[in-house]
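> the sequence and its predicted three-dimensional model are supplied below.
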Amino acid sequence: MATTFDVARVRGSYPALADGHAYLDGAAGTQVPVRVIDAIAAAYRTGIGNIGGAFAASERSDAIVAEARRAVADLTGGAASGVVFGPSMTALTYRMSAALARGWAPGDEIVVSRLDHDANIRPWIQAAARAGAVVRWAEADLATGELPAAQYAELVGDRTRLVAVTAASNVLGTRPDVAAIAAVAHAAGALCYVDGVHATPHIPVDVSALGADFYATSAYKWAGPHVAAVVAGPALLETLWPDKLAPSSDEVPARFERGTLPFADLAGVAAAVEHLTSLTPGAASGGSRRERLLASMTAVEEYEMALFSRLLDGLGAMSHVTLYGKAARRAPTAFFTVPGLTPREVASRLAARGVNVWNGDNYAYELCGALGLEPDGAVRAGLVHYNDASDVDRLLAGVGELAG
């Protein structure tokens with residue numbers, strides 16, 4: 001386990017952890033550190049107004065929005081002028097799918113993946129139906145949880161307009177070879193829309209290296225408030241026109257942001273990015289924010305995966321537990337069932353021990369259906385940077401008691 005990662009110090013910055021629960025529900029949303037809480041409170045305490053005004057409170061909101069865009073750009077390796085904010089990844093993907101589908105014609109094709117969260121499937125399927133486009137499916141290997149990149153050579157053709165794929169499965173943790181998939185899409189002249197919601201909290205992200213034309217992420221999965229962003233090339237966004245109000249801005253990226261932005265929460269987004277730079281002492285000083293983020297998130301990945309090995313080994317040793325997913329590259333997320341108990345019953349019994357886990361399909365609807373897990377789904381336990389060995393051991397002890 002990474003010796004440079006001081007998890008006790010990290011945990012000390014999260015007030016919610018003082019309640020003594022083992023928060024293994026981070027895949028559905030993380031807790032929030034003091035820095036983020038203070039930033040949001042300070043925005044309200046200082047006074048903010050709507051953007052574009054001639055007075056100081058409005059100028060403070062302008063500055064908050066600009067800094068939040070720069071922060072997300074640094075986190076993902078994108079351009080600040082290509083960061084679009086919205087209330088959720090789902091809402092933003094619906095906006096983007098509607099704008100992109102305006103250029104689709106009957107007989108055009110899109111490719112979606114059975115591995116994905118439904119938010120990177122349903123908006124595209126529905127947009128394709130309206131445009132008369134054909135939907136093609138990339139299938140996951142159900143035994144391993146892998147999404148073989150080789151299949152895309154057969155799925156993508158000269159009528160393909162978009163390939164939608166996840167950077168990490170939100171239930172199995174599988175991290176597909178997005179760069180290889182995007183390369184196939186680009187060779188055919190198609191765009192690649194990447195769901196980075198489950199990947200961003202766990203690894204260093206570089207949208208260019210991934211080949212992502214659009215990269216979606218949600219701040220509440222990486223210690224921020226409930227705000228989402230789509231990161232895209234500004235020049236690409238200039239080619240798209242979403243439905244919008246007539247007097248609202250025509251500029252990129254603002255023309256994709258319907259209504260007034262949550263300015264105080266955006267102050268929290270920037271603070272969350274700063275928090276991520278401080279997770280390891282060596283990354284806390286020197287270099288650009290982007291460089292510090294890469295160093296910090298590399299340490300996070302190392303720490304989390306070492307802890308995840310402890311979790312997987314423990315669950316794997318229990319004969320009464322069925323684990324799903326064996327991908328070579330994974331986010332630290334376990335998906336499992338216990339025979340004789342519904343996933344909800346397992347989650348409830350763990351909750352009684354102060355262990356927080358999720359149950360259900362977690363919106364991985366297509367994947368759970370293919371695995372035969374609908375309608376109940378399975379139990380999901382996920383690690384983030386503030387989890388420690390005691391959290392894992394409490395989970396293992398609780399699941400161990402469910403034998404028989």
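Looks like it came in fine.
> where's V207 relative to I121, distance?
Distance, V207 to I121, using CB to CB, to the nearest Å: 21 Å. For every residue, glycine as well, the C-beta is placed using N, CA and C.
> what does G340 give?
Computed as CB to CB, the G340 to I121 distance reads 32 Å.
> looking at the two, which is more packed in?
With neighbours defined as other CB atoms under 10 Å, G340 and I121 compare such that I121 has more, 25 against 11.
> from L191, how far out is that one?
Distance, I121 to L191, using CB to CB: 16 Å.
> and if you look at L293?
From L293 to L191 the distance is 26 Å (CB to CB).
> now swap in P247 and tell me
Using CB to CB, P247 is found at 30 Å from L191.
> okay, the two: which has more neighbours?
L191 (20 against 6).
> got the contact list for T280?
Under the criterion of CB atoms under 8 Å, 6 or more residues apart in numbering, the contact partners of T280 comprise 4-6, 295-296, 299-300.
> show the buried residues in these.
Buried residues within the contacts of T280, defined by neighbour count using 16 or more other CB atoms under 10 Å: 5, 295-296, 299-300.
> ok, so of the residues you listed, who is nearest R159?
V300 (40.5 Å; CB to CB).
> quick check: which element contains that closest one?
Under DSSP states H and E, the secondary-structure element containing V300 is helix 289-316.
> can you point out the buried residues in that helix?
289-290, 292-297, 299-301, 303-305, 307-308, 311-312, 314-315.
> ok, stretch 81-97 next?
The neighbour-count criterion (16+ other CB under 10 Å) identifies 81-90, 92-97 as the buried residues of stretch 81-97.
> low pLDDT regions in the stretch 1-150 of the chain?
1-3 (pLDDT under 70).
> again, 80 this time
In the prediction, the stretch 1-150 of the chain carries residues with pLDDT under 80 at positions 1-4.
> residue ranges of the strands in it, please?
22-23, 83-86, 109-113, 134-138 (DSSP state E, counting those that start in this stretch).
> with the stretch 201-350 of the chain instead?
Secondary structure of the stretch 201-350 of the chain (DSSP E, counting those that start in this stretch): strands located at 214-218, 228-232, 322-324, 333-337.
> now the last one against helix 289-316, angle please.
With axes from the mean of the first three to the mean of the last three CA atoms, to 10 degrees as the criterion, the two stretches strand 333-337 and helix 289-316 enclose an angle of 20 degrees.
> can you list contacts of strand 333-337?
Under the criterion CB under 8 Å, 6+ apart, external residues in contact with strand 333-337 comprise 27, 168-173, 198, 308, 311-312, 315, 321-325, 343, 346, 373, 378-383, 399.
> just give me the neighbour total for the residue lying closest to N356 once chain neighbours are set aside.
Across the structure, with CB to CB, 6 or more residues apart in numbering as the measure, the residue nearest N356 apart from its sequence neighbours is D25 (4.4 Å). Neighbour count of D25, defined by other CB under 10 Å: 19.
> pretty sure E139 contacts E154?
No: with contacts defined as CB atoms under 8 Å, E139 does not count as touching E154, sitting 11.1 Å away.
> higher neighbour count, the two?
A direct count of neighbours by other CB under 10 Å for E139 and E154 places E139 higher, at 14 against 10.
> any idea how far S296 is from K244?
The gap separating S296 from K244 is 37 Å, by CB to CB.
> ok, now how distant is H385 from R394?
Relative to R394, and taking CB to CB, H385 is found at 18 Å.
> nope, A352 is what I was after
Taken as CB to CB, the spacing of A352 relative to R394 amounts to 12 Å.
> read off the pLDDT value for G282.
With respect to pLDDT, G282 has a value of 66.
> what pairs with the regular element (helix or strand) spanning N359, parallel or antiparallel?
With the criterion set as DSSP H and E, the secondary-structure element containing N359 is strand 358-360. Sheet pairing here is set by DSSP bridges, and for strand 358-360 it gives strand 378-382 (antiparallel).
> any idea of the angle the helix or strand following the strand it pairs with forms with strand 378-382?
With elements assigned by DSSP H and E, the helix or strand that comes after strand 378-382 is helix 389-400. Helix 389-400 and strand 378-382 meet at an angle of 160 degrees, taking the same axes, to 10 degrees as the criterion.
> for helix 389-400, which residues meet the burial criterion?
Of the residues in helix 389-400, those buried under the neighbour-count criterion (16+ other CB under 10 Å) are 391-392, 394-396, 398-399.
> tell me the domain ranges of this structure?
Split into domains by automatic domain parsing, the chain comes to 7-36+289-400, 83-260.
> ends of the first one, how far apart?
Just to be clear, that refers to domain 7-36+289-400. Between the opening and closing residues of domain 7-36+289-400 we find a distance of 25 Å, counting by CA to CA, to the nearest Å.
> ok, now stretch 370-377?
Stretch 370-377 stretches 11 Å from its first residue to its last (CA to CA).
> okay, buried residues for it please.
In stretch 370-377, counting by 16+ other CB under 10 Å, buried: 371, 373, 377.
> before we move on, what about stretch 247-264?
Applying a neighbour-count criterion of 16+ other CB under 10 Å, the buried positions in stretch 247-264 are 252-257, 261-264.
> now swap in stretch 106-114 and tell me
For stretch 106-114, the neighbour count (16+ other CB under 10 Å) marks 108-114 as buried.
> kindly report the same for stretch 334-351.
Within stretch 334-351, the residues that count as buried by 16+ other CB under 10 Å are 334-338, 343, 346-347, 349-350.
> any weak-confidence spans in the stretch 301-404 of the chain?
Low-confidence regions of the stretch 301-404 of the chain, defined by pLDDT under 80, span residues 404.
> again, only using 70
Across the stretch 301-404 of the chain, no stretch falls below the confidence threshold (pLDDT under 70).
> what sits up against the longest strand seen in the chain?
Using DSSP state E to assign secondary structure, the strand with the most residues in the chain is strand 160-166. For strand 160-166, the surrounding residues in contact (CB under 8 Å, 6+ apart) are 100, 103-104, 108-113, 115-117, 120-121, 124, 133, 136, 138, 147, 152, 156, 176, 178, 181-182, 184-185, 188-195, 198-199.
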